[in-house]
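Chemist: Okay, here's the prediction I keep looking at, along with the sequence it came from:
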Protein chains: 2
Amino acid sequence: MTQLDLPTVIGDLVSVNHRLTRLAATVTGNTESPAVWRTLSVLRDLGPMRLGELAKVSRVTQPTMTKLVHALDERGWIRRIVDRDDARAMLISADPHGIAALDAWRIELANSLTPTFADLDDDELETLASAVEIVRTRLERSRAALVEAAASTGHVA
Amino acid sequence: MTQLDLPTVIGDLVSVNHRLTRLAATVTGNTESPAVWRTLSVLRDLGPMRLGELAKVSRVTQPTMTKLVHALDERGWIRRIVDRDDARAMLISADPHGIAALDAWRIELANSLTPTFADLDDDELETLASAVEIVRTRLERSRAALVEAAASTGHVA
DNA sequence: CAGTATACATAGCTTGGCTATGCATATCGC
DNA sequence: GCGATATGCATAGCCAAGCTATGTATACTG
């Protein structure tokens, strides 16, 4: 029987998470980092946004995101669209090349991890998919709270 | 309805994983890194082992593990036990201080993330716990395969 | 006992993360 | 309209975690 108190589940979730991250990093011959795919995933899922907002959503600081965006830009994986109404700002959007690279990574990852997860039965697969959705909704809510907090402290109505 | 083909679930699992890692890193005021907790978790769950094996299990290279072990040793969070029968080797074991730090981190993490997950119903909590177990068993199996492969290529019977 | 294999350490690099700070542009008060 | 303040991104400089290549000491093997 698994532990069903929330603190334990949270701790186990994050611990397993950290180990899975290393497995994902090593099984593919992939030289790219989680940060790259994370950033592209966010852009694909949520659409174009400002660098600062992208940093908040990705849970990194603005200078870190500046570096990531520059690196992605050099690869042609994103586009930087200057804001006509605000010369300081820019919109970041995923370039089709970036989306293609992201898709390729997911395929490579799936191929590499399929042996590890090949014996999942339908129930287990559904459990994993449901868990992913549960976490995703919380990440989204957390993101919304962040953006709202930033808006309320700022001057924007 | 969630996507139930294995490649998609794997991709989503790892993507959400990467975002959750950042959330976990930022919600706690914590300055420690995932690598530290990952290493201590492995030592706690699997018991003392050699540095090289610890590296394999953690899915990092031996030099990376050497650095981590040195850092953990300076904090007094692990112990290095010299092997009587092999002066080159050492057993790494988690020091009680390390276990205590790990526990403290899990509590802090749970406290910080509880608001985000506070609205989980019993079914959702169980789904998360089951998913953690599913992934954990695959990580374990993957680990076993690694160790076995190393043994068969080596001269050890 | 020479040669090879093994276990860990060291060197040196890259990337991703951080804080502090700079610079350009908006916006607000007067 | 203009100075002061706020905002958006860039730069500088640091540290940790990851890597490959290589070194050093010990063990094993012929």
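Modeler: Cool, got the structure.
Chemist: The host helix or strand of A:D45 near DNA strand C at all?
Modeler: Taking DSSP states H and E as the definition, one finds A:D45 inside helix A:34-46. Yes. Residues of helix A:34-46 are located near DNA strand C by CB under 7 Å from any atom of the strand, namely A:P34, A:A35, A:V36, A:R38. In this view, the C-beta of every residue, glycine as well, is placed from N, C-alpha and C.
Chemist: mind listing the helices for chain A?
Modeler: Assigned by DSSP state H, chain A shows helices spanning A:6-27, A:34-46, A:51-58, A:62-74, A:96-117, A:122-153.
Chemist: Can you give me the pLDDT of the closest residue to A:L91 other than its chain neighbours?
Modeler: Nearest residue to A:L91, sequence neighbours excluded (CB to CB, 6 or more residues apart in numbering or on different chains): A:I81, at 4.2 Å. Looking at A:I81, its pLDDT is 91.
Chemist: Kindly report the same for the one 3 residues further on.
Modeler: Note for A:R84: predicted pLDDT of 82.
Chemist: Relative to A:L43, how far out is it?
Modeler: The gap separating A:R84 from A:L43 is 21 Å, by CB to CB, to the nearest Å.
Chemist: Tell me which of these two has more neighbours.
Modeler: More crowded of A:R84 and A:L43, by other CB atoms under 10 Å in any protein chain shown: A:L43, with 25 against 7.
Chemist: Just list the residues touching the closest residue to that one other than its chain neighbours, thanks.
Modeler: For A:L43, ignoring the flanking residues on the chain, the nearest one in space by CB to CB, 6+ apart is A:A94 at 4.0 Å. By CB atoms under 8 Å, 6 or more residues apart in numbering or on different chains, the contact list for A:A94 reads A:L40, A:L43, A:R44, A:P48, A:W77, A:I78, A:R79, A:L102.
Chemist: I figured A:L20 hits B:I10, correct?
Modeler: No. If you go by CB atoms under 8 Å, A:L20 and B:I10 don't touch, sitting 10.3 Å apart.
Chemist: the more surrounded of the two?
Modeler: B:I10 (25 against 21).
Chemist: want to throw the residues of helix A:34-46 next to DNA strand C into a markdown table with neighbour count and pLDDT?
Modeler: Formatted as a markdown table, the residues of helix A:34-46 next to DNA strand C follow (neighbours: other CB atoms under 10 Å in any protein chain shown; pLDDT from 0 to 100):
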| residue | neighbour count | pLDDT |
| --- | --- | --- |
| A:P34 | 18 | 92 |
| A:A35 | 18 | 95 |
| A:V36 | 21 | 95 |
| A:R38 | 22 | 96 |
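Chemist: mind putting the residues you listed in JSON lines, distance to B:E140 included?
Modeler: Shown next, in JSON lines, are those (distance: CB to CB, whole Å):
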{"residue": "A:P34", "distance to B:E140": "22"}
{"residue": "A:A35", "distance to B:E140": "28"}
{"residue": "A:V36", "distance to B:E140": "29"}
{"residue": "A:R38", "distance to B:E140": "26"}
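Chemist: Going by distance to A:V16, which of those wins?
Modeler: Nearest to A:V16, judged by CB to CB, of the residues of helix A:34-46 next to DNA strand C is A:P34 at 15.7 Å.
Chemist: roughly how far apart are that closest one and B:V16?
Modeler: According to CB to CB, A:P34 and B:V16 sit 12 Å apart.
Chemist: One more: A:D83?
Modeler: Taking CB to CB, one finds A:D83 at 30 Å from B:V16.
Chemist: Can you give me the domain assignment for chain A?
Modeler: Chain A breaks down by automatic domain parsing into domains covering A:28-105, A:118-152.
Chemist: Comparing the ones you listed by mean pLDDT, which bottoms out?
Modeler: Averaging pLDDT over each of those puts domain A:118-152 lowest, since it has a mean of 85.
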